[in-house]
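> Predicted coordinates and the sequence they were generated for:
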Amino acid sequence: MSFFKSLSFRLLILTVFFVMVAEVLIYSPSIGRFRLVYLEQKLANAQLAVLSIRTQPDAVIDNALSDELLDHVGAYRVVVARKGERMHILARADRPKIDAEFNLANHRFFPLIIEAFSAISQTGNRVIKVTGPSPKAPDVEVTVEIDEAPMRAEMFDYSWRILALSLGISFFTAALVFLSLRWILVTPMARITRSMVAFRENPEDRSSDLFDDGRADEIGVTLRELSSMKSGLRSALREQTRLAALGTAVSKINHDLRNMLSTATLISDRLAMSSDPNVQKAAPPLIRSIDRAVNLCSQTLNFSQGTPPLDLESVPLVEVLGDMKDGFEASSLTPLSVTYDENDTTVLCADRDQIFRVFANLMGNASSAGASEVTVRARSDAHRVTIELADNGPGIPEEAHARLFLPFRFTTKKDGSGLGLAISRDIAQAHGGDLSLGRTGPEGTVFVLVVPAA
Ligand SMILES: Nc1ncnc2c1ncn2[C@@H]1O[C@H](COP(=O)(O)OP(=O)(O)O)[C@@H](O)[C@H]1O
Ligand SMILES: [Mg+2]
């Protein structure tokens with residue numbers, strides 16, 4: 001990552017910027033103050049100059065002395081008045097006209113700042129008349145007429161000094177912020193990132209693991225969370241590898257087993273045709289158990305392969321239910337009557353074969369649990385169809401509910417796999433829907449199937 005895009009560089013710039021902003025905020029009142037002090041100094045000097053002529057015995061002074069005193073103050077004219085006393089005036093013969101007047105009595109904060117900025121932004125010299133109480137004796141009022149340019153020059157000087165100082169402080173502060181951030185935040189973050197990258201590249205490599213060094217801050221929390229996440233992921237990965245190996249083994253066994261079973265089926269079919277009555281009696285159960293074995297094999301295979309890619313189309317619900325009704329009601333073993341609204345217009349957006357499997361499994365379960373009747377109700381909104389399949393079977397025991405949809409975990413049939421509901425739910429979820437247990441009890445069981453509407 002380039003330095004200029006790093007967090008620390010951005011913070012460096014921000015710090016410099018913020019310190020400068022702070023300095024501007026400080027600068028404004030101080031330049032106002034600077035001008036005030038400058039002008040007050042002028043008034044004090046002026047008063048001093050006038051005091052010196054009062055000591056003259058006859059108070060009559062010649063022009064040469066007057067001009068010298070005015071030069072000393074840097075003013076064109078000085079007036080000093082004390083309440084109830086005579087006025088003292090020093091003035092040059094050729095005075096320029098006044099450009100602006102200011103009164104320093106009762107000065108206020110913001111006007112001072114504004115006047116200072118206006119003074120600094122002048123392009124040429126102004127002759128200004130400044131009146132104010134003497135800084136030494138408040139009952140004395142002093143007025144001076146002076147050039148503004150020298151003051152402006154000093155104000156510039158002062159501003160440059162402040163600017164240089166501000167820049168110095170900014171960079172110093174920024175450097176401190178930068179270093180402490182690097183130390184507190186960026187370096188640990190970089191370590192965490194490196195460790196994460198190393199983990200992604202090779203999860204089993206523990207050499208890049210970070211250890212909790214007992215930090216109590218957010219970094220410490222991140223470190224701890226990261227290492228517990230890593231160990232969780234590692235064990236999940238190991239589990240997955242094991243399961244994948246197991247899955248491959250199972251499907252291989254299944255495959256071979258199915259071949260063997262189909263040979264067995266062929267032979268048992270021939271057995272059934274035997275003329276020996278004993279053999280004839282033994283054949284049907286043998287065929288049934290071979291059928292069950294084949295069934296178990298293909299279900300396990302199906303499950304281990306996951307849901308195949310869906311081939312979505314519009315499937316009218318009544319079509320599916322019609323087929324189910326025909327199949328289940330014709331079943332010679334345990335006929336199951338299927339009731340539904342034949343005028344229902346619901347259309348599903350589904351893979352026809354897959355959704356058939358779901359219904360066949362749900363109704364097959366009901367039938368083998370001992371139900372004689374299944375009632376199907378559907379209601380749909382703009383996007384989804386919610387289908388309730390209610391049977392009148394014996395219900396599902398409470399303790400089985402948590403395991404019901406987990407593969408291989410719950411079955412009450414002696415030849416059951418416990419896969420049917422897991423596969424059905426997988427299929428429903430692959431469609432973007434879901435399958436859940438609605439309610440169950442002695443009066444029957446309701447499964448709720450949600451499928452996207454066409
Ligand atoms: N409608 C139902 N009524 C009563 N029990 C049910 C019903 N549906 C499922 N079950 C119970 O849930 C178990 C698991 O069903 P399923 O996952 O399809 O696997 P399998 O059909 O192979 O047993 C069944 O063995 C049965 O005990
Ligand atoms: Mg089943």
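Ah, there it is. Ligands and ions are numbered 1, 2, ... in the order given.

> Number of residues surrounding the residue of the stretch 51-200 of the chain found nearest ligand 2?
The stretch 51-200 of the chain approaches ligand 2 most closely through residue 200 (40.6 Å), counting by C-beta to the ion. Placement of C-beta: from N, CA and C, glycine included. By the criterion of other C-beta atoms under 10 Å, residue 200 has 8 neighbours.

> name the element it belongs to?
Assessed by DSSP states H and E, residue 200 sits inside helix 187-201.

> From the chain's centroid, how far away is that helix?
Relative to its parent chain, helix 187-201 has a centroid offset of 20 Å by C-alpha atoms, centre = their mean, to the nearest Å.

> Which other helices and strands does it contact?
For helix 187-201, the packing partners by 3 or more C-beta pairs under 8 Å, 6 or more residues apart in numbering; DSSP states H and E come out as helix 218-272.

> Show me what from the stretch 301-450 of the chain comes close to ligand 1.
Neighbours of ligand 1 within the stretch 301-450 of the chain, by C-beta under 6 Å from any ligand atom: 361, 365-366, 369, 391, 393, 395-396, 404, 410-413, 416-421, 445.

> of the residues you listed, list those near ligand 2.
Residues of those in contact with ligand 2 (C-beta under 5 Å from the ion): 361, 365, 420.

> one step back: now which of the residues of the stretch 301-450 of the chain next to ligand 1 would you call buried?
Buried residues within those, defined by neighbour count using 16 or more other C-beta atoms under 10 Å: 361, 365-366, 369, 391, 393, 395-396, 404, 410-411, 416-421, 445.

> what about the closest residue to residue 95 other than its chain neighbours, which SS state?
Of all residues not flanking residue 95 in the chain, residue 76 sits nearest, at 4.8 Å (C-beta to C-beta, 6 or more residues apart in numbering). At residue 76, secondary structure determined by DSSP: H, G, I helix; E, B strand; the rest coil is strand.

> cool, residue 449 as well?
Assigned with three-state DSSP, residue 449 falls in the strand class.

> Which single residue of the stretch 101-250 of the chain approaches ligand 2 most closely?
Across the stretch 101-250 of the chain, the shortest distance to ligand 2 (C-beta to the ion) belongs to residue 250, at 19.0 Å.

> Check the chain too.
Closest point on the chain to ligand 2, by C-beta to the ion, is residue 420, at 2.6 Å.

> which ones are touching that residue?
Contacts for residue 420 (C-beta atoms under 8 Å, 6 or more residues apart in numbering) come out as 299, 361, 364-365.

> Any buried residues in the helix or strand of the chain with the lowest mean pLDDT, and which?
For the chain, counting by mean pLDDT, DSSP states H and E, helix 277-305 ranks last in confidence among helices and strands (a mean of 78). Residues of helix 277-305 classed as buried by neighbour count (16+ other C-beta under 10 Å): 283, 286-287, 290, 293-294, 296-297, 299-304.

> tilt between that helix and helix 218-272?
Helix 277-305 and helix 218-272 are oriented at 160 degrees to each other (axes from the mean of the first three to the mean of the last three C-alpha atoms, to 10 degrees).

> How far does stretch 30-46 sit from its chain's centre?
The answer for stretch 30-46 is 55 Å, by C-alpha atoms, centre = their mean.

> who's in contact with that stretch?
72-75, 78, 80, 102, 104, 107, 109, 112-113, 115-117, 119-120, 130, 132, 134-136, 142, 144, 146, 151, 154-155, 158-159, 162.

> Please verify my assumption that residue 159 contacts residue 27.
Yes - with contact defined as C-beta atoms under 8 Å, residue 159 reaches residue 27; the gap is 7.4 Å.

> These two - which one has more neighbours?
Between residue 159 and residue 27, counted using other C-beta under 10 Å, residue 27 has the larger neighbour count: 19 against 15.

> Next one: residue 443 from residue 336, what distance?
Distance of residue 443 to residue 336, given as C-beta to C-beta, to the nearest Å: 17 Å.

> Residue 233 now?
46 Å.

> More neighbours: which of those two?
Each of residue 233 and residue 336 has its neighbours counted (other C-beta under 10 Å); residue 336 has more, 22 against 12.

> Now do the contacts for the more buried one.
328-329, 363, 366-367, 371-374.

> Neighbour-wise, which one of those residues leads?
residue 374 leads the contacts of residue 336 on contacts (other C-beta under 10 Å) with 27 neighbours.

> which bits of the protein sit near ligand 2?
With C-beta under 5 Å from the ion as the criterion, the chain meets ligand 2 at residues 361, 365, 420.

> now, among these, which is nearest to ligand 1?
Nearest to ligand 1 among the residues of the chain next to ligand 2, counting by C-beta to the nearest ligand atom, is residue 420 at 2.3 Å.

> What are the phi and psi values at that closest one?
With angles defined as degrees, to the nearest 10, residue 420 sits at phi -50, psi -50.

> swap in the one 5 residues further on?
Main-chain torsions, residue 425, degrees, to the nearest 10: phi -70, psi -40.
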